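Peer 1: output the structure for:
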Amino acid sequence: MGGPLRPGFEPVAIGPRAIHALAGQPHCSPCSPSRTEAMGEDHAETKDALRRRLRAARAALPPRAAAELGAAACARVLGLPAFRAARAVVAYAPIENEVDPGALVAAAAATGKPVYYPRRTSDGLEFLQSGPEGLAPRWSALPEPLDGAPLSPAAGEGVVFLVPGIAFDPRGVRLGRGAGCYDRALARHSHAARIGLAYELQVVPALPEAAWDVRMDAVVTEARVLVQ
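Peer 2: All right, here's what the predicted structure looks like:
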């Protein structure tokens with residue numbers, strides 16, 4: 001799950017010291033039964049406890065602070081070679097006070113890059129080309145594209161996924177909602193670059209990891225860029 005860095009994740013200087021940059025995945029509410037039964041009780045309880053704590057911490061951010069921190073995180077992504085060189089971007093509609101990738105969507109559209117959003121299907125997620133104006137609630141309150149050309153897994157390199165999550169760690173391990181939607185989707189798009197977008201308060205020293213969890217190539221917060 002580790003391995004060499006993708007092009008575009010090479011070290012760059014940010015702030016008082018050099019940290020790694022990245023090369024440059026979508027968003028899901030539960031779309032399948034929880035997998036906690038397969039993890040063992042201790043593992044499941046640890047993940048559930050982390051979800052409760054970090055969702056509460058994220059929800060507690062005042063709107064102005066969330067907007068400022070999110071803008072700073074997006075600015076870091078804009079400076080990454082992988083994002084600038086991307087041929088297509090997969091974004092998400094933020095919910096529950098998640099980092100809003102709107103600035104990245106606007107930047108992609110301004111340079112002619114197609115933007116895709118996740119839409120739930122019976123077996124997970126698909127990604128349809130759309131702008132924010134083409135999103136609307138379907139199965140739940142989560143905005144999804146109503147229509148659009150689908151992103152093929154054959155699109156390969158040059159696609160950057162902006163991935164929300166509840167928590168991340170410095171290895172790129174991601175904690176989502178527990179349904180596995182993103183992990184299955186990212187596994188299908190294995191040649192695309194994966195950027196976890198989060199607030200610094202969502203980064204923890206180490207997360208429990210299952211065999212099917214898909215790591216991020218990088219995690220970007222308002223404070224730093226972390227890579228595998």
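
Peer 1: tell me which stretches of the protein form strands.
Peer 2: 11-14, 17-20, 88-90, 115-121, 124-129, 135-137, 143-145, 159-163, 167-168, 174-175, 193-197, 218-220, 225-227 (DSSP state E).

Peer 1: P63 versus the residue nearest in space to the middle of the chain, what's the distance?
Peer 2: The chain has V163 as the residue nearest its centroid, 0.9 Å off, counting by CA atoms, centre = their mean. Distance, V163 to P63, by CB to CB, to the nearest Å: 23 Å. Any C-beta I mention is one placed from the backbone N, CA and C, and that applies to glycine too.

Peer 1: hmm, who's touching the longest helix anywhere in the chain?
Peer 2: What stands out as the longest helix in the chain, according to DSSP state H, is helix 41-59. Residues outside helix 41-59 that contact it (CB atoms under 8 Å, 6 or more residues apart in numbering): 36-37, 39, 96-98, 166-167, 175, 177-178, 199, 201-202, 204, 207-208, 210.

Peer 1: for this protein, give me the ranges with low pLDDT.
Peer 2: For the chain, the stretches with pLDDT under 70 are 1-45, 228.

Peer 1: at 50 what do you get?
Peer 2: Judged by pLDDT under 50, the chain has its weakly predicted residues at 1-5, 10-42, 44.

Peer 1: make JSON lines out of the strands of the chain and add distance to L78.
Peer 2: Compiled in JSON lines, the strands of the chain are given as follows (distance: least, CB to CB, whole Å):
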{"stretch": "strand 11-14", "distance to L78": "13"}
{"stretch": "strand 17-20", "distance to L78": "16"}
{"stretch": "strand 88-90", "distance to L78": "11"}
{"stretch": "strand 115-121", "distance to L78": "14"}
{"stretch": "strand 124-129", "distance to L78": "21"}
{"stretch": "strand 135-137", "distance to L78": "22"}
{"stretch": "strand 143-145", "distance to L78": "23"}
{"stretch": "strand 159-163", "distance to L78": "12"}
{"stretch": "strand 167-168", "distance to L78": "19"}
{"stretch": "strand 174-175", "distance to L78": "21"}
{"stretch": "strand 193-197", "distance to L78": "11"}
{"stretch": "strand 218-220", "distance to L78": "10"}
{"stretch": "strand 225-227", "distance to L78": "12"}
